[in-house]
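When you get a sec, could you give me coordinates for this:
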Amino acid sequence: MTVGIIGLGLMGGSFGRMLVRRGIKVLGFDVSSEVMLKAELMSAFTAPLNASNAKETDLLVGAVNPNVFKHAVEPFLPQLKSGAVVSDFCGVKRVTVSVMERWATKFPELFFIGGHPMAGREFSGIEHSSIALYEKASMILTPVKADIFVVDKIKEFYLSVGFSRVVITDADFHDKMIAYTSQLCHIVSNAFIKNKRAEDRLGYSAGSFRDLTRVARMNPALWTELISLNRDNALAELDEFIANLNKYRAAIAAKDDEELKRLFAEGNERKIKIEQEKENDVRT
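Numbers count the residues shown, from 1 in each chain. Coordinates of the predicted model:
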């Protein structure tokens, strides 16, 4: 399979480096000539992607921000061969799936499958890319226009290059889940680090502080974009989180140690149950 990658930042660059290392032909493109030079030096592509060789790609991935996905990828679509698959690596799916639905009418000879690799770092840019970023990661696919054979082919491809799981869902469910598993985590972490005590933490913090604040370091523009495009789901998750926090606050304020202990036990049991489910899933 020949893979075309548009956008060679952290996500696209890591994907390209991983594929090139595995002997897969990668055609890469980025609007920044500086990024292209870095990507070439880091072996993130086999050759630059252009209008002439775009017809060679079997899978074209837009690894760019959601708001620029349409403008970055659409110019290459007329050059693609019949049966090529167009996908993306965007962190929200409703917006890109909507674009692909329009493309499916305009380019009936192509297949369209939304994609979101569940991996990342608190840094951005090709210079922070990693060959191992996607190793054992989960890939989420949201088919837009593709028959079962094409979806299975793309699924098998991702499993063959190091992903441990491929989840197939729709854009609505994806965005609801991501609001909880990713976007809420970034909001909480970023808000938590603003406490004035953070400046005096040395000698008073261990793993819990480090784990909770890891994703406080982020790309502000990107995460603002992702959350604004998923505003309804992000608000719903934030409201539920605040409601749960208020239960703990009420128990502490009322000196109700039994209720506080019950809340802690409830959360502890939920965590144990989820971890057991994960272990059972890995075994099967």
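
A helix includes Cys185, no?
Yes: assigned with DSSP: H, G, I helix; E, B strand; the rest coil, Cys185 falls within a helix.

I figured it hits Val215, correct?
Yes: counting by CB atoms under 8 Å, Val215 is a contact partner of Cys185 at 6.0 Å. For the C-beta atoms, the positions are set from N, CA and C on the backbone; glycine is no exception.

quick one, which of those two is more surrounded?
Val215 (19 against 15; other CB atoms under 10 Å).

Let me know the secondary structure of that one.
Under the three-state scheme (three-state DSSP), Val215 adopts helix.

got the contact list for it?
Counting by CB atoms under 8 Å, 6 or more residues apart in numbering, Val215 touches Glu122, Cys185, His186, Ser189, Asn190.

Could you check the pLDDT of it?
Looking at Val215, its pLDDT is 92.

distance between the one helix or strand in the chain whose mean pLDDT sits lowest and the chain's centre?
Least confident element among the helices and strands of the chain, by mean pLDDT, DSSP states H and E: helix 257-283 (a mean of 88). Remark: helix 257-283 is offset 26 Å from the chain centroid, using CA atoms, centre = their mean, to the nearest Å.

List the buried residues for that helix?
Buried residues in helix 257-283, defined by neighbour count with 16 or more other CB atoms under 10 Å: Leu260, Leu263.

Packing partners of it?
helix 231-253 (3 or more CB pairs under 8 Å, 6 or more residues apart in numbering; DSSP states H and E).

mean confidence score for the helix it packs on?
98.

how about it: buried residues?
Buried residues in helix 231-253, defined by neighbour count with 16+ other CB under 10 Å: Asn233, Ala234, Glu237, Leu238, Ala251.

Quick one: list the elements packing against that helix.
helix 171-178, helix 184-192, helix 257-283.

chain center to that helix, what's the gap?
With CA atoms, centre = their mean, you get 25 Å for helix 231-253.

and Gly7, how far is that from Ala191?
Gly7 is 29 Å from Ala191, where distance means CB to CB, to the nearest Å.

does Ile24 really touch Ile5, like I thought?
No: checked against CB under 8 Å, the pair Ile24 and Ile5 is beyond contact range at 11.0 Å.

Could you check which of these two has the larger neighbour count?
Comparing Ile24 with Ile5 by other CB under 10 Å, the one with more neighbours is Ile5, at 28 against 17.

On the three-state scheme, that one is what?
strand.

Quick check, pLDDT for it.
For Ile5, the predicted pLDDT is 98.

what sits against it?
Residues in contact with Ile5 (CB under 8 Å, 6+ apart) are Gly12, Phe15, Gly16, Val26, Leu27, Gly28, Phe29, Ala44, Phe45, Leu49, Val61, Ala63.

So which of those sit within helices?
Gly12, Phe15, Gly16 (DSSP state H).

Let me see the contact set for the residue nearest to the first one when sequence neighbours are not counted.
Sequence neighbours aside, Ala63 is the residue nearest to Gly12 in space, at 3.1 Å (criterion: CB to CB, 6 or more residues apart in numbering). Contacts for Ala63 were tallied using CB under 8 Å, 6+ apart; they are Ile5, Ile6, Gly7, Leu8, Gly9, Met11, Gly12, Phe15, Asp88, Phe89.

Near the third one, how many residues? Count them for me, please.
So that's Gly7. 29.

correct me, but it touches Leu60?
No: contact criterion CB under 8 Å: Gly7 and Leu60 do not qualify, at 11.3 Å.

which stretch among the helices and strands packed on helix 231-253 comes nearest Glu56?
helix 171-178 (29.0 Å; CB to CB).

what's in contact with the closest one?
By CB under 8 Å, 6+ apart, helix 171-178 touches Gly91, Val92, Lys93, Arg94, Val97, Gly114, His116, Ile140, Thr142, Thr169, Asn230, Asn233.

Could you turn the buried ones of those into a PyMOL selection?
To isolate the buried members of these in PyMOL, using 16+ other CB under 10 Å:
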select buried, resi 91+92+93+94+97+114+116+140+142+169+230+233
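
Greatest separation within the contacts of helix 171-178: which pair is it?
Gly114 and Asn233 (16.1 Å).
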